[in-house]
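A.B. asks: the sequence and its predicted three-dimensional model are supplied below.
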Amino acid sequence: MSIPSRLGLLRDPDFGRLFAATALGQLGDRIIFLALPLVAIVALKADEFQVGLLTAMTTAGSLLVGLPAGAWVDRMRKRSVMIGADFSRALVLLTVPLAWWADVLTIWLLCAAALTHGVLTVFFDVAYVSYLPHLVGRANLVEGNSKLSAIRSVTSIGGPAVAGPLIGWVGAPVTLLASSAGMAMSGLLAIRIRKREQTPEPSEGSRLGRDIKEGLKFVLRNSALRAIMLGDAVFNLFLIMYQTMLLVFLEREAGLESFGIGLILSGMGCGALLGALLATKVSNLIGQGPVIWLASLVTCPLTVLMPLARPGWSVYVAALGLAALSLGGVVRFVAQASFQQALTPDRLLGRMSATARFVSWGGIPVGGVVGGASGSVFGATATLWIGAAGMTLSVFPVLLSPVRTMRELPKVKDPTGVPL
């Protein structure tokens, strides 16, 4: 599929609809990222451990349904899964403001909503990653991932910028209505995508356990996929520890209100947008493999600026380190997502995505709990130091693997020997 134009894939109506749906869904997601913890911190006066527990519930879906989600998605039309997940997430988010208005909202109800939303997000993300090669073709994966990362980055800027003042005006619980609306509109746009897949034909003797095992074997036997996942697992564990205490640090130790916190997070979004705009050029210049570890090695150490900051102007200087982290994270994500998709045959895309998510995101709930516990024992500042060190060390699995020097996307065969 070749679409000549500066707009590239955006000239394709179906990709344009996916692009717009991504914008609305991610806008809702970015509002959740700020509003949900602030419901706990400000509205419910939760302590550090409870904030960490809420973070764990948000991402625990990867552990609970991560592996079977891939096998299930591989048996279904990915577009249909995305639509169903979007509308279901919109309904779940509605429960928080409704419970708040009824004066029955508790930290445990908030955790239940976060867990349900997280499980649905697993299905959405697995289907989303698996659907992209079908929609744009394998030759356009880097461009497709780069453009979708760009719009996610734009919403990373706009989401907190909208959420901060909105939270100050109507409160964090009511702000989640905007997130619910974003998810619902994303689902409506996905319905309008015309390019449909055929329902996958189940293989003879197909069973859930056997399908999961096949996906695991494929991923774990591939040294490139294995290294990428392990590096992601270490990075995500310490990133969540860092993020769990970041809002606590900004609100309680740096003295920022919701508008200031939103401004800091918008700065991270600016870094992510710049990363998305540069991702293809940087990957072409440095190489698809080297950029995966170099991006983290260059940007992760800069996150130590935040725990060094004190109330006042130094907090906003330290935000540059967070912007750099986002820039490097997006450059790395575009390169490694394209790597993973290029290495995987169509029939295993869902299981590859789910297995990668299970392994690399499996530590995220642990990171939330450990981050909360660390914040309770050592304080938010010390936890930020620990998180910064761990994220920097996450480069080693890829640095010590064949990915280190692989400059181009690999071209592989299906495990049956059929060329892709």
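C.D. replies: That came in fine, so what should we check first?
A.B. asks: residue ranges with poor pLDDT in the stretch 301-420 of the chain?
C.D. replies: Residues of the stretch 301-420 of the chain meeting the criterion pLDDT under 70: 408-420.
A.B. asks: what are the boundaries of the strands in it?
C.D. replies: Secondary structure of the stretch 301-420 of the chain (DSSP state E, counting those that start in this stretch): no strands located.
A.B. asks: residue 193 in helix, strand or coil?
C.D. replies: Under DSSP: H, G, I helix; E, B strand; the rest coil, the three-state class of residue 193 is coil.
A.B. asks: make residue 1 into 306 and carry on from there
C.D. replies: All set: I'll call the first residue 306, so the last point we hit is now residue 498.
A.B. asks: quick one: it and residue 324 touch, right?
C.D. replies: No: checked against C-beta atoms under 8 Å, the pair residue 498 and residue 324 is beyond contact range at 10.6 Å. Every residue, glycine included, has its C-beta placed from N, CA and C.
A.B. asks: list the residues that contact the most centrally placed residue in the chain.
C.D. replies: In the chain, the C-alpha nearest the mean C-alpha coordinate belongs to residue 430, at 8.6 Å (C-alpha atoms, centre = their mean). Counting by C-beta atoms under 8 Å, 6 or more residues apart in numbering, residue 430 makes contact with 658, 662.
A.B. asks: so it is in which element?
C.D. replies: Assigned by DSSP states H and E, residue 430 falls within helix 412-441.
A.B. asks: as a whole number, average confidence for that helix?
C.D. replies: For helix 412-441, mean pLDDT rounds to 86.
A.B. asks: again with stretch 347-355
C.D. replies: Stretch 347-355 comes out with an average pLDDT of 80.
A.B. asks: before we move on, what about stretch 379-397?
C.D. replies: Mean pLDDT, computed over stretch 379-397, is 88.
A.B. asks: pull out the buried residues from it.
C.D. replies: 379, 381-384, 386-395, 397 (16 or more other C-beta atoms under 10 Å).
A.B. asks: among those residues, which are in strands?
C.D. replies: Under the assignment DSSP state E, the buried residues of stretch 379-397 contribute nothing to strands.
A.B. asks: re the thing from before, now do the helix or strand just after the helix holding residue 430 and helix 412-441, the angle between them.
C.D. replies: Downstream of helix 412-441, the first helix or strand assigned by DSSP H and E is helix 446-475. In terms of direction (axes from the mean of the first three to the mean of the last three C-alpha atoms, to 10 degrees), helix 446-475 departs from helix 412-441 by 150 degrees.
A.B. asks: mind giving me the packing neighbours of helix 446-475?
C.D. replies: Counting by 3 or more C-beta pairs under 8 Å, 6 or more residues apart in numbering; DSSP states H and E, the packing neighbours recorded for helix 446-475 are helix 318-343, helix 412-441, helix 477-496, helix 563-591, helix 618-648.
A.B. asks: report the contact partners of residue 489.
C.D. replies: 391-392, 395.
A.B. asks: specify which member of those is nearest to residue 667.
C.D. replies: Closest to residue 667 out of these is residue 391 (24.3 Å), distances taken as C-beta to C-beta.
A.B. asks: surely that closest one and residue 491 touch.
C.D. replies: Yes: using C-beta under 8 Å, residue 391 is in contact with residue 491, at 4.9 Å.
A.B. asks: name the residues contacting each of the two.
C.D. replies: Taking C-beta under 8 Å, 6+ apart as the criterion, residue 391 and residue 491 both touch 326, 330.
A.B. asks: one step back: would a markdown table of the contacts of residue 489 with distance to residue 350 be doable?
C.D. replies: As requested, these are exported to a markdown table (distance: C-beta to C-beta, whole Å):
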| residue | distance to residue 350 |
| --- | --- |
| 391 | 32 |
| 392 | 33 |
| 395 | 28 |
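A.B. asks: and which of the residues you listed is nearest to residue 584?
C.D. replies: The nearest member of those to residue 584, counting by C-beta to C-beta, is residue 391 at 25.7 Å.
A.B. asks: excluding its backbone neighbours, what's nearest that closest one?
C.D. replies: Leaving aside its sequence neighbours, residue 391 sits nearest to residue 492 (C-beta to C-beta, 6 or more residues apart in numbering; 3.3 Å).
A.B. asks: kindly report the same for residue 398.
C.D. replies: Nearest one to residue 398, counting by C-beta to C-beta, 6+ apart, is residue 485 at 4.0 Å.
A.B. asks: what lies in contact with stretch 677-696?
C.D. replies: 352-358, 360-361, 539-540, 542-544, 546-551, 553-554, 557-558, 601, 605-606, 608-609, 611-612, 630, 676.
A.B. asks: quick check: closest non-adjacent residue to residue 399.
C.D. replies: Counting by C-beta to C-beta, 6+ apart, the nearest residue to residue 399 once its immediate chain neighbours are dropped is residue 485, at 5.1 Å.
A.B. asks: burial measure for the one you found, as a count.
C.D. replies: Applying other C-beta atoms under 10 Å, we find 21 other residues in the vicinity of residue 485.
A.B. asks: that one contacts residue 333, correct?
C.D. replies: Yes: if you go by C-beta under 8 Å, residue 485 and residue 333 touch, sitting 7.1 Å apart.
A.B. asks: pLDDT below threshold where in the stretch 456-605 of the chain?
C.D. replies: Counting by pLDDT under 70, the stretch 456-605 of the chain shows low-confidence ranges at 458, 461-466, 469, 503-511.
A.B. asks: the contacts of stretch 677-696, buried ones only, as a PyMOL selection?
C.D. replies: Buried residues within those, by 16+ other C-beta under 10 Å, are selected in PyMOL with:
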select buried, resi 353+354+355+356+357+358+360+361+539+540+542+543+544+546+547+548+549+550+551+553+554+558+601+605+606+608+609+611+612+630+676
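A.B. asks: among the contacts of stretch 677-696, which are located in helices?
C.D. replies: Counted as lying in helices by DSSP state H, out of the contacts of stretch 677-696, are 353-358, 360-361, 539-540, 542-544, 546-551, 553, 601, 611-612, 630, 676.
A.B. asks: before we move on, back to that, I'd say the residue nearest to residue 391 and residue 388 touch.
C.D. replies: Yes: Residue 492 sits in contact with residue 388 when judged by C-beta under 8 Å, with a separation of 5.0 Å.
A.B. asks: grab the nearest non-local neighbour of residue 554.
C.D. replies: Closest residue to residue 554 apart from its sequence neighbours, by C-beta to C-beta, 6+ apart: residue 685 at 4.1 Å.
A.B. asks: how many residues are close by that neighbour?
C.D. replies: Using other C-beta under 10 Å, residue 685 is surrounded by 24 other residues.
A.B. asks: give the contact list for the spatially closest residue to residue 521 that is not a sequence neighbour.
C.D. replies: Using C-beta to C-beta, 6+ apart and skipping the chain neighbours, the partner closest in space to residue 521 is residue 660 (5.7 Å). Residue 660 is in contact with 371-372, 375, 520-521, 523-525, 534, counting by C-beta under 8 Å, 6+ apart.
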